[in-house]
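Trainee: sequence unknown, structure follows:
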């Protein structure tokens, strides 16, 4: 279960607390990435949170797409600065790459972006990728970088996509509504009805919910890669999976051979 290159995606809900960036959880993610890199696993970090970072500086109405553009523009550099401060504690450098999912339709742009990512990783630098929310309106409305992270994993040659969110696993039914909901441990096929379910979100800074994540994972499975869905509020399950090679919590997605 050893991986050469992985993508870790951390969602807005994980990075946000009371209208501010949750620095403790961000630092935990940075510590995990740093540990993995120092052990020889290349890590590409796909991070949401630009809008909420901007909101912490200028609290505009969150239900306006125009305001979200403003907040994203303010928040991108602020978010990167916080990541830089946290990675510096581990004597590591990080970088920022803004890319829209539609740009993967261009072979030349994808090739250049992959070249940059490869060279950053070769030099021990962590690439932090985010959708350019100022111009990518769809991302502000729906998705929270889930689909982007799947495309990054596929086109930049990662073997595994880790999705860290408020959702700790993939369940047979909504655990918020059903106390008897059971978490799937391993999944090879996602039912069509789950992929087509209504997208909901109960957090002003987070969009997409489980449906967005399942669609991203479906793309991963279609391209014969693996995915792991776990909570980002504490990293016990993902650390156990990646560092100890022990699957305790969370859901592992892999196509049957």
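Mentor: Cool, got the structure. As the structure is a computational prediction, the values presented were derived from the model and not from experiment.
Trainee: where exactly do the helices run in the stretch 151-257 of the chain?
Mentor: For the stretch 151-257 of the chain, helices defined by DSSP state H, counting those that start in this stretch occupy the ranges 192-195, 209-222, 236-242.
Trainee: would you turn those helices into a markdown table with distance to residue 58?
Mentor: From N, CA and C alone the C-beta is placed, and that goes for glycine too. Formatted as a markdown table, the entries for the helices of the stretch 151-257 of the chain read as follows, by distance: least, Cβ to Cβ, whole Å:
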| stretch | distance to residue 58 |
| --- | --- |
| helix 192-195 | 37 |
| helix 209-222 | 27 |
| helix 236-242 | 33 |
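Trainee: Tell me the buried residues in stretch 186-200?
Mentor: Under the neighbour-count criterion of 16 or more other Cβ atoms under 10 Å, stretch 186-200 has 187, 190 buried.
Trainee: ah, wrong one, I meant stretch 101-113
Mentor: Of the residues in stretch 101-113, those scored as buried under the neighbour-count criterion (16+ other Cβ under 10 Å) are 101, 103, 104, 110, 113.
Trainee: likewise stretch 167-176?
Mentor: Residues of stretch 167-176 classed as buried by neighbour count (16+ other Cβ under 10 Å): 167, 168, 169, 170, 171.
Trainee: Repeat that for stretch 64-82.
Mentor: For stretch 64-82, by 16+ other Cβ under 10 Å, it's 67-76, 79-80, 82.
Trainee: which one of the buried residues of stretch 167-176 is nearest residue 239?
Mentor: Ranking the buried residues of stretch 167-176 by separation from residue 239, with Cβ to Cβ as the measure, puts residue 168 on top at 13.8 Å.
Trainee: Leaving out chain neighbours, which residue sits closest to that closest one?
Mentor: Nearest residue to residue 168 in three dimensions, chain neighbours excluded: residue 231, at 3.8 Å (Cβ to Cβ, 6 or more residues apart in numbering).
Trainee: wouldn't the one you found be in contact with residue 165 here?
Mentor: Yes - under the contact definition of Cβ atoms under 8 Å, residue 231 touches residue 165, with a separation of 7.2 Å.
Trainee: the more surrounded of the two?
Mentor: Applying other Cβ atoms under 10 Å to residue 231 and residue 165 shows that residue 165 carries more neighbours, namely 25 against 18.
Trainee: Please tell me how far the nearest residue to that one once chain neighbours are set aside sits from residue 88.
Mentor: The shortest distance from residue 165 to any residue that is not its chain neighbour, by Cβ to Cβ, 6+ apart, is 4.3 Å, and that residue is residue 11. Counting by Cβ to Cβ, to the nearest Å, the gap from residue 11 to residue 88 is 24 Å.
Trainee: likewise residue 4?
Mentor: Computed with Cβ to Cβ, the distance linking residue 4 and residue 88 is 26 Å.
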